[in-house]
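A.B. asks: sequence and predicted structure below; questions after.
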Amino acid sequence: MSSPQFTLYSHAGGPNGWTVAFLLKALGLTYETKFLAFDKNEQKGEDFLKLNPNGRIPTIVDHGNGDFTLSESKAILLYLAETYDKEGKFLVSDPKERALLNQSLFFQASGQGPYFGQAAHFKMFAPEKIPYGIERYAKEVQRVIGVLELILSKQEYLVGNKLTIADLSYITWNNFGLNALLPEGVDPKKEFPAVSAWHEKLLALPYVAEALAEKAAL
């Protein structure tokens, strides 16, 4: 049995590594996942810092391409799609639509991820409950989902009227946001019906469902 083409460095509970797993599975690329134990600070270990000086997951090593190593989940999605999505299934070809695809990826990286992450920290993991932090970031979660609602109330997918890596990039954080991070009393299906329907459709994709089943088993 041949060795997997990719090594994916990830974390069992963290959202961003699973986003990469979605696309690896969707493209039929073989990979081995090495889950780093954050409680043991493995992401800051000397060996991993040689791969990613930032000490964060995800990081991939493409053994089929000279052990090319890359970090940052959106950069990885772009690399995988541009290199291995020969049919352009998860990309768009029109230059303007490609700019919109990048815009959506950057909004995920600079908007959804950080705000949802801070909301999760203050609500679930902070050593003391700070009402200001909880309220501030819950409202930011609500605002970010509202931005997506404005887009998806007019079209089926984020870019190009087709499923792309932009859509895949939002799945894992939306699992937190829609289910646990909104302000108290906000019903996501009532306030964000388009986002809720889009999210459920993405969760039903076979490769997404497979990856999330693996995550739940861990």
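C.D. replies: Great, that's in hand. Quick caveat, the model's predicted, so the values are computed rather than measured.
A.B. asks: and the strands in the protein, which stretches?
C.D. replies: With DSSP state E as the criterion, the chain has strands at 6-10, 31-35, 59-62, 68-71.
A.B. asks: strand 31-35 and the first one, what's the angle between them?
C.D. replies: Counting by axes from the mean of the first three to the mean of the last three C-alpha atoms, to 10 degrees, strand 6-10 lies at 20 degrees to strand 31-35.
A.B. asks: gap between strand 6-10 and the chain center?
C.D. replies: Mean C-alpha position of strand 6-10 versus that of the full chain (C-alpha atoms, centre = their mean, to the nearest Å) differs by 15 Å.
A.B. asks: ditto for the third one
C.D. replies: Centroid separation between strand 59-62 and its chain, computed with C-alpha atoms, centre = their mean, is 16 Å.
A.B. asks: with just CA atoms, put it into PDB.
C.D. replies: Written as PDB, here are the backbone C-alpha positions of strand 59-62 (Å, rounded to 0.1, in the frame of the first residue of the first chain):
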ATOM      1  CA  THR A  59      -0.200  22.700   8.100                       C
ATOM      2  CA  ILE A  60       0.200  20.400   5.200                       C
ATOM      3  CA  VAL A  61       3.200  18.600   3.600                       C
ATOM      4  CA  ASP A  62       2.700  17.600   0.000                       C
END
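A.B. asks: returning to what we had before: would CSV of the strands of the chain with distance to residue 79 and mean pLDDT be doable?
C.D. replies: To be clear about C-beta, it is placed using only N, CA and C from the backbone, and glycine gets the same treatment. CSV is the format used below for those (distance: least, C-beta to C-beta, whole Å; pLDDT from 0 to 100):
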stretch, distance to residue 79, mean pLDDT
strand 6-10, 11, 98
strand 31-35, 14, 97
strand 59-62, 8, 98
strand 68-71, 6, 98
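A.B. asks: reformat these as TSV; add mean neighbour count and distance to residue 42.
C.D. replies: Putting these into TSV (neighbours: other C-beta atoms under 10 Å; distance: least, C-beta to C-beta, whole Å) gives the following:
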stretch	mean neighbour count	distance to residue 42
strand 6-10	22	9
strand 31-35	16	9
strand 59-62	23	12
strand 68-71	16	15
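A.B. asks: same list (these) but as CSV, adding distance to residue 51.
C.D. replies: Shown next, in CSV, are the strands of the chain (distance: least, C-beta to C-beta, whole Å):
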stretch, distance to residue 51
strand 6-10, 7
strand 31-35, 10
strand 59-62, 5
strand 68-71, 5
